[in-house]
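Q: here is a sequence together with a model predicted from it:
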Amino acid sequence: MTERREVVITGVGLLSSLGEGMEATWDRLVSGPPSHDAKTFAPFVVHRLGAVNFELQIPKKGDQRQMEPWQRIGVYAAGLALASAGVKGDAALLDRTDMIVAAGGGERDVAVDGKILTGIRGQANREAFMNERLMNDLRPTLFLAQLPNLVAGNISIVHGIVGSSRTFIGEESAGVDAVRVAHARIAAGQSDITLVGGGYSAERLDLVLNYELACALLRPPFRSVWDRGPGGGIALGSFGAFLVLEAREHADARGAAALARLIHVTSGRTPRAPGDVAAALDGMWTEIAGAMRPGAAAVLSGASGAEPASSEEKTFLATRGLPVRATGTHIGQGFEAQFTANLAIATEILRRGELFQAAGTGDTGTASELVSQVAVTSVGHWRGEGMALVERV
């Protein structure tokens, strides 16, 4: 059996409501209050994207015009990660750089949705009314399953990646599995270098409507993801997050600095009966426990604020005896992009050896030593669980 290779993170790209890049993100995490907007999509709280000049990573206006905002966010973050890793513009290296993207679907026609929701109230035969309106009012578009592939396609066009490409769909689980598969392929020698991540735009009325129909959204006042009460609440967040993962030997050969070591990634999917979240986290924790160093480790949670999942995770983490920080309080919930965003922030924690300020009752403890390990959790708002262990190089 071939020995598994060491996998390192050599590039990080993050664009969110906290700003662009890790320096700006860290400055806001340690000194500024969480950035949120309770007016634009009132009565719902949203973490809107900060000011960004998309031409810096997507120079052609024509390329920008044919992308929806969520695609531009992802393509931009991918460019940041490639630049961070020293890969951007290196045609020979890009020729063999693989790509795994976690992505959702394209934007709906909000005007048509509004007309249907208004008109259906007075209809005796609602099914017939809806079918008629959908057939006559919707404009022709791509088959819905094709839309997520546009992110990978645009990254290839704009940044020149021409290695293998995979796209995963499925909210938080898609992000976890994208990283898990990228890590596994590199460790097994099936890939030397992979760009992995996703992008999400919270500033879409169709998505606000989608999650509000599930009674899932946070309303003012703003609270941390741990403190949103029995009903919970998700604050949607616009952000893009990409990582460049690489075999250590490959990174060393090209003189690239390893920012962190990705030790382990695992994912699961429980039915979400009471206690399922804690059981899933316990099983995943067992997989990494042997490699962890108490006193030097911390937890970075991807809790969404949805209940009862967030409370179950909070209770579980309280029994681990490690400092905990949750990123959702600061950047919101970006579904497919959430896990890679948390890995990006974990990488910055390891680079600095310290944690950002606590916010909310579930953010606990301080590191007694230099932080050299971070366990990153992902508990999906509805389904899907994941965990990774990242280590200082």
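A: Nice, I can see it. Numbers count the residues shown, from 1 in each chain.
Q: and stretch 336-353, how far out from the chain's middle?
A: With C-alpha atoms, centre = their mean, to the nearest Å as the basis, stretch 336-353 stands 10 Å off its chain's centre.
Q: now that stretch: mean pLDDT?
A: If you average the pLDDT over stretch 336-353, you get 98.
Q: can you pull the alpha-carbon coordinates of that stretch into CSV?
A: Extracted C-alpha coordinates of stretch 336-353, given in CSV (Å, rounded to 0.1, in the frame of the first residue of the first chain):
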residue,chain,number,x,y,z
GLU,A,336,-21.5,25.9,0.3
ALA,A,337,-18.6,28.3,1.1
GLN,A,338,-18.9,28.0,4.9
PHE,A,339,-16.4,25.2,5.5
THR,A,340,-13.6,26.6,3.3
ALA,A,341,-14.1,30.0,4.9
ASN,A,342,-13.6,28.5,8.3
LEU,A,343,-10.5,26.6,7.2
ALA,A,344,-9.2,29.9,5.8
ILE,A,345,-9.7,31.6,9.2
ALA,A,346,-8.3,28.6,11.0
THR,A,347,-5.2,28.9,8.9
GLU,A,348,-4.8,32.5,9.9
ILE,A,349,-5.3,31.6,13.6
LEU,A,350,-2.5,29.1,13.2
ARG,A,351,-0.2,31.6,11.5
ARG,A,352,-0.7,34.0,14.3
GLY,A,353,-0.9,31.4,17.1
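Q: can you point out the buried residues in it?
A: Neighbour-count burial for stretch 336-353 flags 336-351 (criterion: 16 or more other C-beta atoms under 10 Å). (Each C-beta comes from the backbone N, C-alpha and C, glycine too.)
Q: farthest-apart pair in those residues, please.
A: Greatest spatial distance among these (C-beta to C-beta): E336 and R351, at 24.9 Å.
Q: returning to that earlier point: which single one of the buried residues of stretch 336-353 is nearest to T364?
A: Once C-beta to C-beta is applied, the member of the buried residues of stretch 336-353 that ends up nearest T364 is I349, at 15.4 Å.
Q: quick one: the helices in this protein, in order.
A: 21-31, 61-65, 69-84, 91-94, 110-119, 126-137, 149-159, 171-187, 205-213, 248-253, 276-289, 309-318, 328-331, 338-352 (DSSP state H).
Q: dump those helices into JSON lines; add distance to A296 as well.
A: JSON lines is the format used below for those (distance: least, C-beta to C-beta, whole Å):
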{"stretch": "helix 21-31", "distance to A296": "20"}
{"stretch": "helix 61-65", "distance to A296": "44"}
{"stretch": "helix 69-84", "distance to A296": "25"}
{"stretch": "helix 91-94", "distance to A296": "34"}
{"stretch": "helix 110-119", "distance to A296": "49"}
{"stretch": "helix 126-137", "distance to A296": "56"}
{"stretch": "helix 149-159", "distance to A296": "36"}
{"stretch": "helix 171-187", "distance to A296": "22"}
{"stretch": "helix 205-213", "distance to A296": "38"}
{"stretch": "helix 248-253", "distance to A296": "21"}
{"stretch": "helix 276-289", "distance to A296": "14"}
{"stretch": "helix 309-318", "distance to A296": "17"}
{"stretch": "helix 328-331", "distance to A296": "23"}
{"stretch": "helix 338-352", "distance to A296": "10"}
